[in-house]
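K.L.:
just the structure for this:
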Amino acid sequence: MTDRCGWAGNDPIYVAYHDTEWGVPEYDSRALWEKLILDGFQAGLSWITILRKRDNFRAAFAGFDPHIIAEWGEADVARLLADPGIIRHRGKIEATIGNARAWQEIEAKAGFDRFLWNYVDGVPLRTKLADRALMPTQSGLSQQISKDLKKAGFRFCGPTIVYAFMEATGLINNHLTTCFRHEPCARLARDPATGRSAR
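P.N.:
Sure, this is the predicted structure:
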């Protein structure tokens, strides 16, 4: 039996997500934005709900291309509110459009990827815990990133959402030390500025 983080359970979608995506350092600006948006849609819901609808989200939101979404208006909001394949929440949909515009500004200045990875000096943090019950749901760093994102115009990016985002995108390696993915994810870390291994 493979030792993996207990939260993955037995759902094939969750297991595949845990084994191939969660905790893998993400360095692509657009992909980082997509994951932050989906974490925002998760607020008040379970992550498995988002995973099951992720393909629908990608189709409805133009492949999460922020340059396209930044140009959307009320007609697009109405279209999305009528789409049963996604989470139909006006506030979250409108926030996604605003977040696309905020992403464009950060991307133009320094790159959204660099903006985020600078918080950890380009190297993922590692909690090195063997018990998920000891994992925090937010941290001082997630609070700071949340504050800075909101200042830049982002919405639905509170410190708990940001912490989950940090876990998902490998800014912090929160695979348990007993999990078979802990060390492989650590080895995938690289310096986003140079592309070389960060270890």
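
K.L.:
give the next helix or strand downstream of the longest helix belonging to the chain.
P.N.:
Ranked by residue count and defined by DSSP state H, the top helix of the chain is helix 90-109. Downstream of helix 90-109, the first helix or strand assigned by DSSP states H and E is helix 112-117.

K.L.:
and the average pLDDT for that following helix is what?
P.N.:
Mean pLDDT, helix 112-117: 96.

K.L.:
what helices or strands is the next helix or strand after that helix leaning on?
P.N.:
Heading C-terminal from helix 112-117, the first helix or strand you meet, by DSSP H and E, is strand 125-126. Secondary-structure packing of strand 125-126 (3 or more C-beta pairs under 8 Å, 6 or more residues apart in numbering; DSSP states H and E): strand 172-173. The way it works is simple: take the backbone N, C-alpha and C, and place the C-beta from them, glycine included.

K.L.:
now P84: how far from N56?
P.N.:
Separation of P84 from N56 (C-beta to C-beta, to the nearest Å) stands at 9 Å.

K.L.:
of these two, who's got more company?
P.N.:
N56 (14 against 7; other C-beta atoms under 10 Å).

K.L.:
what residue, apart from its backbone neighbours, is nearest the more buried one spatially?
P.N.:
G85 (3.2 Å; C-beta to C-beta, 6 or more residues apart in numbering).

K.L.:
tell me the contacts of the one you found?
P.N.:
K53, N56, F57, A59, A60 (C-beta atoms under 8 Å, 6 or more residues apart in numbering).

K.L.:
how about the secondary structure of the residue lying closest to L188 once chain neighbours are set aside?
P.N.:
Excluding the flanking residues, the one nearest L188 by C-beta to C-beta, 6+ apart is P25, at 5.4 Å. Three-state call for P25 (DSSP: H, G, I helix; E, B strand; the rest coil): coil.

K.L.:
which of the three states applies to the closest residue to R4 other than its chain neighbours?
P.N.:
Once flanking residues are discounted, R4 sits nearest to C179: 5.2 Å by C-beta to C-beta, 6+ apart. What three-state DSSP gives for C179 is coil.

K.L.:
could you pull up phi and psi at C179?
P.N.:
Torsion angles at C179 (phi, psi; degrees, to the nearest 10) stand at phi -80, psi 140.

K.L.:
run a quick neighbour tally on the residue nearest to L188.
P.N.:
P25 has 21 nearby residues by other C-beta under 10 Å.

K.L.:
next up, the contacts around it.
P.N.:
P124, T169, G170, L171, C185, L188, A189, R190.

K.L.:
which phi and psi does it have?
P.N.:
phi -60, psi 120.

K.L.:
how about the CA coordinates for stretch 166-178, as PDB?
P.N.:
C-alpha atoms of stretch 166-178 as PDB (Å, rounded to 0.1, in the frame of the first residue of the first chain):
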ATOM      1  CA  MET A 166       0.600  27.800  -1.600                       C
ATOM      2  CA  GLU A 167       0.300  24.100  -0.800                       C
ATOM      3  CA  ALA A 168      -1.200  23.300  -4.200                       C
ATOM      4  CA  THR A 169       1.400  25.200  -6.200                       C
ATOM      5  CA  GLY A 170       4.400  24.000  -4.200                       C
ATOM      6  CA  LEU A 171       5.300  27.300  -2.700                       C
ATOM      7  CA  ILE A 172       5.200  25.200   0.500                       C
ATOM      8  CA  ASN A 173       5.700  21.400   0.400                       C
ATOM      9  CA  ASN A 174       3.100  20.200   2.800                       C
ATOM     10  CA  HIS A 175       3.100  16.500   1.800                       C
ATOM     11  CA  LEU A 176       3.600  14.600   5.000                       C
ATOM     12  CA  THR A 177       7.100  13.300   5.600                       C
ATOM     13  CA  THR A 178       5.500   9.800   5.500                       C
END
